[in-house]
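A.B. asks: Sequence and predicted structure below; questions after.
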Amino acid sequence: MTALLATEGLTMRFGGVVAVDNVSLIVEERELRCLIGPNGAGKSTFFRCLTGQYRPSAGRILWRGKDTTGLEPHAIARLGIGIKTQVPSLFDGLSAIEGVTLAVRRKHGEREARRRGMVALERLGIGALAGAQVGLLAHGQRQLVELATVVAPEPDLIILDEPTAGMSAEETAGTAALIREMSRDHAVVVVEHDMQFIRAIAGGITVFHQGRVLVEDCAAKVLSDPRVHDVYLGRPPAPQVVVPA
Amino acid sequence: MQRRTLIAAAGGLAAPLVFRHAALGADPIKVVSIHDASGGLDIYGKPMIACVDFAAEEINAAGGLLGRPVQVINYDPQSNIQLYTQFATQAATRDKAAAVHGGITSASREAIRPVLKRYNTLYFYNTQYEGGVCDRNCFCTGSTPAQNVQRLVPHIMQKWGKKVYIVAADYNYGQITSKWVTKFFREGGGDAVAVDFFPLDVTNFGPAIQKIQAAKPDVVVSALVGGAHVSFYRQWAAAGMKSRIPMASTTFGGGNESLLLSPEEGDGIVCAFSYFQEVDSPVNRAFLDRLRAKLGANTPYLGGELAMRSYVGMQLWAEGVRKAGSIDRTKVIEALGSGISVDGPPGRTTLDSKTNHVTLDVYVAEVKNRGFNVLQHFPNSPPSDTQSVCDLQKEPNANRQVVVDVRI
Amino acid sequence: MEAPGTENRRALLQAVLALLAAGFAAWWLPQVLELFAVINATVYIAMALLALSLALVWGFGGILCFGQAAFFGLGGYAYAVAALNLPDTTYAVPVALGVPMLAAAALGYVMFYGKVSDVYMGVITLTVTLILFNFINSTAGDEWRIGAAPLGGFNGIPATPPLNVPGDPGTVLAPEQVFAVAIGCLAGCYAICKLILRSHFGRVVVAIRENELRAALLGYDVRLYKLAIFAVGGLMAGLAGMLFANCVFVSPTMFSLAYSGQVIIWVMVGGVGTLLGPIVGAMLLQALTAWAGTLPGVNPSLILGLVLVVAVLAIPRGLQPTLTTLLRKRAP
Amino acid sequence: MDLALATGIQALSGIATLLLISLGLAIVFGMMRVINLAHGEFLMLGAYSAVLAVQAGVNLWVAMLVVAPLCVGLLGVLVERLVIRRLYGRMVDTMLATWGLSLGLVGAVTMVFGNTVAGFSAPLGSVQIGAYSTSGYGLFLIAATAVLLAAVWAVLRFTQAGLIARGTMQNAGMAAALGVPTERVYALSFAAGAAVSGLAGALIAPMSGVVPTMGTAYIARSFITVITGGAAMLAGTSSAAGLLGSVNTLGTFATTPVLGEVLMLVVAIVLLRLLPQGITGRFFRRSL
C-alpha cells in the first residue's frame, strides 16, 4: 500500500548552509507523527518544503505515490493537505465564520460550507466567536480559529507548525486532546519542541538533528533514548546503544 | 508643451477675461479668442492675445461693427489640448460667438476645427502652419510652406550649400514641413541628409547634435516648436556649433525665442515669415507706435508672424461682416468668399476664395542681437500648396486636412 | 452579524438603488443643465468610472497600480481606431473593452506570476504607462496608421466618430445621450462591483488582500485571482477611456503621469476599501480643480497637492470611511 | 575613430546625468525606505535657486555648488519635520504625501515665476575631440558626478556620521538601543538627500531649460533607476544608471530619441522581472 506522504532524500541548501540533509520519511494514512528537535535542527525548513513555500534543492516528495516536488502551495493544499503555519496566518479583516467558510467553500456550496464551518468552530469550542473579527481576538483564540480553518475542509493530512506556541498550559493540554481526536480521521504531522505536549499526544516521533533524522520510533522509546536528551542539551549525541528488543 | 496636466483639463469653466467696451450702446458682438497664456506655448500665445484685443479696440474706436461694439472673450487652455476642445464647445454653445480666433499648434487647430464645424461657428486660424486644411467654415490667414519655405530654401541654398539636416517637432506640423523643406532642396539640386523628430517635451539634444556633426551637412533647418525645444539652440551654441554649421528655422522667432536666448546663441539664424517687427514700412511703424502707446511697458515683441496674423485675421473678419451687413455665419462666409483684402503692417493680405487661405507678402530675415534684420521681401505670394489640393467652390462642405502629397 | 442571506439582499438593494438613481439623473439633468455643462459632467463621470476601477483593484484586490491610466488610454485609442475602421461604431465598443482587458491580463501575468512585491509592482505599472505615453507620442508620422485610422501621435485622433445608435450608423448620439450612456455605465459598473464582491470570487479576492499566504494554503491560486480582478479593473478603465473619447477626444495625455496620479489621489481621498468613496472623491476633486482653475493667479495643482498632503496626514483611511464612522457614532 | 570617442563621451554624459538625478533619491530611499515623489521638484528648486542666485549677481559656480544645495537642503529639513516624520513605515502613504508635495511645489513655482524658460547658457565653451566638438560643460558634468559619488561613498564609508547612518539604515531599532538618535539621523539623511538633489538640479540647469514642470521629466527615470538598482544604495544606483544610461544614449544614436527612451524603460522592466530585488539583490550584495 503506497504511503500517504513520503520524502526521498529531501535536501534544502541556502548557499553553503544545508538546512535539510537527505531526509527520507514516510507518513501512513491517519498516522499521528511528531517532528521534534532543538531549534535550528531543520524542522521548519522541512515543513516549508512540504508546504511548497520552499522548492527543495534535491530529493522528491510523493503524495500517494505521485511526485509533487516543487508544486505551488495552492496546488499542494488542493491535494487534501491542511497547513497551519508557525506564525498564525489568518484573515484578520474577516470574521471567524467567514474565514472558515472560505476554507470549505472550495468544495461545497455557500450554505453547506457555512454549516460545516460552524461545526468545525463548535468542535473546537469556539462556536461563540463565529461573528467576531479575527484581528481583534486573543492569541490563543486565534490559534484555535486557525486550527478550525485548517480542519474544516476535512483534509486527508494536517500538518501543524508549533500549534501550541504562546499557549497557556491548559490550552496546550486542550490542543493535545484535540489533535488526538483529529488524528482519528486525518493523518496529522506536528512540528514541535514542547516536550510536555509531545508526551501528551504520544504519536510516532522523528527526531531531527542538524538537518538529518537522528531517531525515528514510537513515543516511549524515543523519549527514553539518551541521544535525544544529549541533542536537546546541546551535547553531541552518544554513539547508538543497541537495546535488545 | 510641458506637463500637459489633466488638472488644467478638468477646468473648462474658466471665467472669460471679458474685454468690455461700454461706449457703443447696442449689445456687443461676441468674438472668442482661444490662445495659450500659460504653459509651454505662452511664448506664442501672449503676443497673439494682445494683438486680438488691440484689433478689437481699434474696430470699436472706429464705431464698432454694424453699430455694435466687438467684445473679445479670452480663454487660456494652458497649453493643454483637452481644454481647447472644451473652450471651443463653450464658445459655440454657451457664448454663441460670432467668430472664434484661436489655436496655435496644428494639434490644437485640429482639436477645435471639427467642434466649431459641428456647432456652426465661424473659425479663424491665424498662424503659419503646414497647409492643406480644406474646410469652408475655417479661414487660415497664416502663411503655408509654399509661401515661407519656398522663399527660405533657395535663399539658404544659395548662401550655404545643398546638403540639409532637418530637426523637427514630432507632430503633424513638423512631419509635413520637413517634407516641404526636403522637396524644395531637391528642386534646387540639393537633398536632405537626415531628418530627426523630437516630441515636444524633449530637452536633451546632446546625441542629436553629435549625429548632426557626423552627417556634416551644409546647413541645419529646425522646425522645432515650444518652450522645451529652446534648449536645442542653447546646447547647439554650447557645443560650439554656431560657428561651424549655419542654421535656418521655419519657427524660430515665432515665439520670441530670440528674447530668451543670448545674442551669441541666436544671432545668424535665418527665418522666413509673412511679417517681422522690423519690416520697414510707414504703415508698420505707425501700427507699432499705436501699440506702444496703448500697452506701454508690456508691449510684446512681435517676432514672427503669429501675433500680426491674429491682428490681420480680426480685420479680415471685420471686413467680411461689414460687407455682409450681418454677423450671420453663412452671409459672412459668402462675403469673405468674394475676395476681400486688407492693407496692413505686413502688406496686402487677400483672401483666396478657392481655399479660404490668403495671398500675402513674405520676408526672409536673420536674427541680429535679439531682433531681426530683414534681407528679402516677396510681395503677393499665393497659397499654391493648398490650392493644388482644395477647391471649396466645387466641394463646399469639405471638412478635412489634406496632407499635401509631397513627392520626395 | 447578519446571516449571509440579508448581506446579499443588502448588496442587491444597493445595486438596484444605484441603477435607479442613475436612470433619474440621466433623464432629469440634461433638461436642467445647458449643453456645455452636460459635456463637462460626462467627463466627470468617465473619470469617476476610472476611479471606480482603481477602487476595485487597489481597495479590494490590494494591488496598488500606478498605471491605471494605461488601460484608460488603451480603451480610448482602441475605440477610436475601431470606430474609424468599422461602419457602425457599436462594434467598436467590444474592441474598446477587450484591448485594455487583455493588456491588463498580460501585464498581470508578468507581475503576479513573477512574484513581484508591491513596490516593484508600482514601478512596473508606472513604467508601462510611460512606455505607452512615449510610444503613442511618437506616432505622428503618416506611416503610423491602423487601417483608416492615423494614430496622429501628439495630435491624438480628434476626428473620432462618436457612438451611434446601435444598428443605425447614421444617427450619432447627441451629447445628452452620451451623458445618459455614461451614467448608465457608471451605475452598471458600480452594481457589478457590488455583486462581484458578494460572490465567492469576490470574497476570495478580498481574502487574498487580507492574507495572501493563508489563501494559498487553503488551495486558492492567488496569482489567478489577482490577475482576474486586475483584468476586470482594466476593462472598466477601458470603458472610462471609451466614454472620454466620446466627450473630449483621444490624445497621448490620456497615458500621462498626471492621469495616473490623479486617479490615485481621488481613490485615496475618497476612501481606499470602499466603492462609493472614490466615485464621490473623483467628482468632488474634479470640481475643486475646475473651480481652482478659475481663481485668478492660483494654480490648481497647488490646491490639489495640499489637499492630498492633508488627506494623507489627517484622514489616512480616506473621506468616506471617516464620514461613516462619524455618522455611526452620532446615530442613536 | 573619433565618432566612437564622441559617442562614448555622450554615453558617459547620459550615465552621469541619470546618476546625478537619481543619487538624491537613492540616499533617501536607501537610508529610510522612503520614496520621495517630490524628488523631481527638489531638482527643479535646485535649478531655480541657482538661476536666481546668478541673476542676483552671485558667481555662477558658487550659485550652483553652494547656494542650490543649501536652499534645497533646508527645504528638505522642513519637509521631513512637517510631513515625512509622521509617516515612517507607511511606504504607500509617504509616496502619496510626497506626490501631493510635488504638485504643490509645481503650482507654487508656476504662480511665482510663471512659465517662461529661464536659465543661463552653459559655461566652459566647447571642446574639440577629433572632428567633433562637444560642450566642455558636458565633460565637467561627468567629472562632477564622479566626484560627488566618491564624496558620498567616502562620507558613508569612513566618517563616524557615515557609520551611524549605515547602522541606522541596517537596523534602526538596534541603533536606537545603542543610543543613536535615529529621529535626528533620519532628518539629516533626508536633508542630505535633498541637498544632493538641489546640487544635481543646479548642475543640469545649463543643459536643459529651467521650467516649473522640469521635475516630471526626471522623477520617473530616477525612480526607475533607484528601484532597478536595488537595496545597496550607491552600488545599485550606479550600476543601474550605467546600464540604463548607456542603453538610452546608444538607443538614441541608433534610432530616434523616443525609441531610445522606450528601449531603456523596456530594459528596466525586464530587469525588474528577472531580479525582483533589483541588481544588488543578486550582485555586489554586501557593497554600500
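C.D. replies: Arrived safely.
A.B. asks: can you give me the helices for the chain?
C.D. replies: If you meant another chain, say so; for now it's chain A. Secondary structure of chain A, counting by DSSP state H: helices at A:43-50, A:73-78, A:96-105, A:110-123, A:139-151, A:169-185, A:195-201, A:219-224, A:226-233.
A.B. asks: if you could check chain C rather than the one you did, that'd help
C.D. replies: Taking DSSP H as the criterion, chain C carries its helices at C:4-32, C:35-54, C:68-85, C:92-112, C:118-137, C:175-198, C:200-210, C:212-217, C:222-247, C:257-270, C:276-294, C:300-314, C:319-330.
A.B. asks: isn't B:A194 right up against B:A214?
C.D. replies: No. Shown here, B:A194 and B:A214 do not form a contact pair, counting by C-beta atoms under 8 Å, at 9.4 Å. Placement of C-beta: from N, CA and C, glycine included.
A.B. asks: Whether stretch D:127-145 contacts chain B - can you check?
C.D. replies: Yes. With C-beta under 8 Å from any C-beta of the partner chain as the threshold, stretch D:127-145 lies in contact with chain B, specifically through D:V127, D:A131, D:Y132, D:S133, D:T134, D:S135, D:Y137, D:G138.
A.B. asks: ok, now how distant is the last one from D:T17?
C.D. replies: In this case it means D:G138. For D:G138, the distance to D:T17 equals 9 Å [C-beta to C-beta, to the nearest Å].
A.B. asks: If you count surrounding residues, which of the two has more?
C.D. replies: Counted by other C-beta atoms under 10 Å in any protein chain shown, D:G138 and D:T17 do not tie: D:T17 has more neighbours, with 27 against 24.
A.B. asks: tell me the contacts of that one?
C.D. replies: Under the criterion of C-beta atoms under 8 Å, 6 or more residues apart in numbering or on different chains, the neighbours of D:T17 are B:N204, D:L141, D:T145, D:I204, D:M207, D:G245.
A.B. asks: just B:V133 next, same as before
C.D. replies: With contacts taken as C-beta under 8 Å, 6+ apart, B:V133 has the following neighbours: B:R109, B:R113, B:Y125, B:C140, B:N356, B:T386, B:C390, B:Q401, B:V402.
A.B. asks: For it, name its beta-bridge partners.
C.D. replies: The partner list for B:V133 in beta bridges (DSSP bridges) reads B:Q401.
A.B. asks: Next, the residue nearest to the spatial centre of chain B: secondary structure please.
C.D. replies: Against the mean C-alpha coordinate of chain B, by C-alpha atoms, centre = their mean, the closest residue is B:T127 at 1.9 Å. Three-state assignment for B:T127 (DSSP: H, G, I helix; E, B strand; the rest coil): coil.
A.B. asks: Need phi/psi at it.
C.D. replies: As for B:T127, its main-chain torsions (degrees, to the nearest 10) stand at phi -140, psi 150.
A.B. asks: so it touches B:G103, yeah?
C.D. replies: Yes. In this structure B:T127 lies within contact range of B:G103 using C-beta under 8 Å: 6.9 Å.
A.B. asks: Find residues that contact each of those two.
C.D. replies: Looking at what touches both B:T127 and B:G103 (by C-beta under 8 Å, 6+ apart), the common residues are B:R109.
A.B. asks: Low-confidence stretches in the stretch 1-150 of chain C?
C.D. replies: When residues are selected by pLDDT under 70, those of the stretch 1-150 of chain C lie in C:1-5.
A.B. asks: ok, now the stretch 101-250 of chain D?
C.D. replies: For the stretch 101-250 of chain D, residues meeting the criterion pLDDT under 70 lie at D:115-119.
A.B. asks: Helices along that one, start to end?
C.D. replies: D:136-158, D:160-170, D:172-177, D:182-204, D:214-229, D:233-254 (DSSP state H, counting those that start in this stretch).
A.B. asks: Any chance of these in TSV with distance to C:Q68 as columns?
C.D. replies: Putting the helices of the stretch 101-250 of chain D into TSV (distance: least, C-beta to C-beta, whole Å) gives the following:
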stretch	distance to C:Q68
helix D:136-158	35
helix D:160-170	33
helix D:172-177	34
helix D:182-204	28
helix D:214-229	16
helix D:233-254	25
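A.B. asks: Go through those and name the closest to B:G313.
C.D. replies: helix D:214-229 (33.8 Å; C-beta to C-beta).
A.B. asks: could you say what helices and strands the closest one packs with?
C.D. replies: Applying 3 or more C-beta pairs under 8 Å, 6 or more residues apart in numbering or on different chains; DSSP states H and E, one finds that helix D:214-229 contacts helix C:118-137, helix D:2-32, helix D:39-55, helix D:91-113, helix D:233-254, helix D:257-274, helix D:279-282.
A.B. asks: Would you mind getting the angle between it and helix D:2-32?
C.D. replies: Using axes from the mean of the first three to the mean of the last three C-alpha atoms, to 10 degrees, the inter-axis angle of helix D:214-229 relative to helix D:2-32 is 80 degrees.
A.B. asks: just how off-centre is helix D:214-229 within its chain?
C.D. replies: In terms of C-alpha atoms, centre = their mean, to the nearest Å, the gap separating the centre of helix D:214-229 from the centre of its chain is 8 Å.
A.B. asks: Repeat that for stretch C:50-59.
C.D. replies: Relative to its parent chain, stretch C:50-59 has a centroid offset of 7 Å by C-alpha atoms, centre = their mean.
A.B. asks: how about low-confidence regions in chain A?
C.D. replies: Judged against pLDDT under 70, the low-scoring parts of chain A cover residues A:1, A:234-235, A:237-245.
A.B. asks: Where does it get nearest to chain D, which residue?
C.D. replies: Shortest chain A-to-chain D distance, computed as C-beta to the nearest C-beta: residue-wise this is A:G15, at 10.8 Å.
A.B. asks: highest average neighbour count across the helices of chain A?
C.D. replies: For those, the stretch with the most neighbours on average is helix A:96-105, a mean of 26; neighbours defined as mean count of other C-beta atoms under 10 Å in any protein chain shown.
A.B. asks: and that one, anywhere near chain C?
C.D. replies: Yes. Residues of helix A:96-105 are located near chain C by C-beta under 8 Å from any C-beta, namely A:I97, A:E98, A:G99, A:L102, A:A103, A:R105.
A.B. asks: Nearest to chain D: which residue in chain B?
C.D. replies: The minimum distance from chain B to chain D, using C-beta to the nearest C-beta, falls at B:G240 (2.6 Å).
A.B. asks: Which residue is the nearest non-sequential neighbour of that residue?
C.D. replies: Sequence neighbours aside, D:S126 is the residue nearest to B:G240 in space, at 2.6 Å (criterion: C-beta to C-beta, 6 or more residues apart in numbering or on different chains).
A.B. asks: Give the bridge partners for that neighbour, please.
C.D. replies: On DSSP bridges, the residues paired with D:S126 through beta bridges are D:S135.
A.B. asks: How many residues are close by whichever residue of the stretch 151-288 of chain D sits closest to chain C?
C.D. replies: Proximity of the stretch 151-288 of chain D to chain C (C-beta to the nearest C-beta) peaks at D:V258, 3.8 Å away. Using other C-beta under 10 Å, D:V258 has 21 other residues around it.
A.B. asks: Who are the contact partners of the residue nearest to B:S222 when sequence neighbours are not counted?
C.D. replies: Beyond its immediate neighbours in the sequence, the residue positioned closest to B:S222 (C-beta to C-beta, 6+ apart) is B:S249, lying 4.3 Å away. The contact partners of B:S249, by C-beta under 8 Å, 6+ apart, come to B:V221, B:S222, B:A223, B:L224, B:I269, B:V270, B:C271.
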